[in-house]
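Novice: Build me a model:
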Amino acid sequence: MTGRTRRWWTVALTVVALLVTSRLAEAQRGGGEGFLFFEPGAQVTIYGGLNQPGAGGDLFGYARKEFTLERTSFRAPALGFDLAFSMGPRTEILFGIAPASSNVTSEYRDWVDGDDKPIEQTTAFRRAPLTASVRYYLTDRGRSIGSTAWIPAKVVPFVGVGFGTARYSFEQVGDFVDFNTLDVLPDRLTSSGWAPIFQGSGGVQLNLSRRLLLTGEMRYLRGSADASTPNRDFIGYRLDLSGLTTLVGFTLRL
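Specialist: Okay, the predicted model is just below:
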């Protein structure tokens with residue numbers, strides 16, 4: 001995780017901690033056991049989980065063919081942060097980010113150096129999607145009792161669809177074979193930038209208390225980018241940004 005990412009998560013966690021403290025203080029001042037005075041209009045979620053890139057397309061295909069890499073080599077822990085606003089009884093609009101980063105050591109499958117030693121390099125793949133989504137709950141999130149109380153449902157499944165942009169980086173650092181001379185030379189090859197993405201999701205929320213929920217979700221991301229930018233190190237290749245992310249986290253009703 002980069003220093004900038006760590007700073008971002010420190011700020012996010014601080015905000016959530018302040019919100020939790022505020023809501024706990026409010027709960028001590030009033031509100032019946034198991035219900036709220038009104039249906040919440042927003043919620044915030046922090047996730048942890050696992051990102052499995054699809055690792056398809058020609059650039060990943062080249063990397064898997066030449067080096068000791070597999071699709072699962074790019075599996076990595078993922079973090080997620082969502083802010084959702086209610087747009088109706090069963091509908092929310094969400095704004096979120098879910099960065100993931102893998103760093104894998106590999107070597108050429110079919111080549112060794114002059115001393116019969118492996119030719120090694122490190123491949124890093126980073127992706128941070130920023131998305132706006134619409135989430136639809138398949139059952140009611142709760143029920144109102146007159147005009148004075150709202151009781152949350154225990155289990156609520158949902159589906160979602162959205163779009164956005166992803167900040168990506170694909171980098172290989174180490175030793176490489178120059179196939180014109182068969183020399184082994186050190187190099188650093190990079191591709192990075194922003195690319196449009198599409199996202200579909202599905203999951204479930206489990207009510208833990210009046211304000212707190214456990215949220216589990218699976219997200220499928222679809223997108224690709226021209227790998228020749230910005231340094232033209234991978235001319236003619238496209239970088240696959242698709243993949244499946246499984247997330248579990250805590251949601252706080254606001």
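
Novice: Would you agree residue 209 falls within a strand?
Specialist: No. Following the definition DSSP: H, G, I helix; E, B strand; the rest coil, residue 209 is coil and is not counted among the residues of a strand.

Novice: right, and residue 205 touches residue 158 too?
Specialist: Yes. In this structure, residue 205 is within contact of residue 158 by CB atoms under 8 Å, at 7.0 Å. (Glycine included, C-beta is placed from N, CA and C.)

Novice: The closest residue to residue 91 other than its chain neighbours: what secondary structure?
Specialist: Counting by CB to CB, 6 or more residues apart in numbering, residue 91 lies nearest to residue 136, which is 5.7 Å off, once chain neighbours are set aside. Under three-state DSSP, residue 136 falls in the strand class.

Novice: Show the pLDDT at residue 136.
Specialist: Here the pLDDT value assigned to residue 136 is 98.

Novice: Look up the residues forming beta bridges with it.
Specialist: Taking DSSP bridges, one finds residue 91, residue 159 as the beta-bridge partners of residue 136.

Novice: and if you look at residue 253?
Specialist: Beta bridges link residue 253 to residue 43 when assigned by DSSP bridges.

Novice: packing partners for the host helix or strand of residue 84?
Specialist: Assigned by DSSP states H and E, residue 84 belongs to strand 76-86. If contacts are counted by 3 or more CB pairs under 8 Å, 6 or more residues apart in numbering; DSSP states H and E, strand 76-86 sits against helix 3-29, strand 42-53, strand 91-97, strand 100-112, strand 243-253.

Novice: lowest average confidence, helix or strand, in the protein?
Specialist: Averaged element by element with mean pLDDT, DSSP states H and E, the chain has its least confident helix or strand at helix 3-29 (a mean of 51).

Novice: Please tell me I have it right and residue 74 contacts residue 104.
Specialist: Yes. Residue 74 is within contact range of residue 104, at 6.8 Å (criterion: CB under 8 Å).

Novice: neighbour-wise, which of the two wins?
Specialist: Taking other CB atoms under 10 Å, residue 74 and residue 104 do not tie; residue 74 has more neighbours (26 against 19).

Novice: Contact partners for that one?
Specialist: Going by CB atoms under 8 Å, 6 or more residues apart in numbering, residue 74 touches 52-53, 55, 60, 102, 104, 125.

Novice: again, only this time at 7 Å
Specialist: Taking CB atoms under 7 Å, 6 or more residues apart in numbering as the criterion, residue 74 is in contact with 53, 55, 102, 104, 125.

Novice: Compare the residues you listed and tell me which has the most neighbours.
Specialist: Ranked by neighbour count (other CB under 10 Å), those have residue 125 at the top, with 27 neighbours.

Novice: give me the element it is part of.
Specialist: Counting by DSSP H and E, residue 125 is part of strand 118-137.

Novice: List every C-alpha atom in that strand, with coordinates, as PDB.
Specialist: Extracted C-alpha coordinates of strand 118-137, given in PDB (Å, rounded to 0.1, in the frame of the first residue of the first chain):
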ATOM      1  CA  PRO A 118      17.000 -17.700 -13.400                       C
ATOM      2  CA  ILE A 119      16.200 -14.300 -15.100                       C
ATOM      3  CA  GLU A 120      14.000 -12.700 -12.500                       C
ATOM      4  CA  GLN A 121      11.700  -9.700 -12.400                       C
ATOM      5  CA  THR A 122       8.800  -8.300 -10.200                       C
ATOM      6  CA  THR A 123       5.400  -7.600 -11.600                       C
ATOM      7  CA  ALA A 124       3.100  -5.100  -9.800                       C
ATOM      8  CA  PHE A 125      -0.600  -4.600 -10.700                       C
ATOM      9  CA  ARG A 126      -2.600  -1.900  -9.000                       C
ATOM     10  CA  ARG A 127      -6.200  -0.900  -9.600                       C
ATOM     11  CA  ALA A 128      -8.300   1.600  -7.700                       C
ATOM     12  CA  PRO A 129     -11.900   1.900  -9.100                       C
ATOM     13  CA  LEU A 130     -14.000   5.000  -8.300                       C
ATOM     14  CA  THR A 131     -17.600   4.200  -8.900                       C
ATOM     15  CA  ALA A 132     -21.100   5.600  -8.800                       C
ATOM     16  CA  SER A 133     -23.700   2.900  -8.500                       C
ATOM     17  CA  VAL A 134     -27.400   2.300  -7.900                       C
ATOM     18  CA  ARG A 135     -28.300  -0.300  -5.400                       C
ATOM     19  CA  TYR A 136     -31.700  -2.000  -5.300                       C
ATOM     20  CA  TYR A 137     -32.800  -4.000  -2.200                       C
END
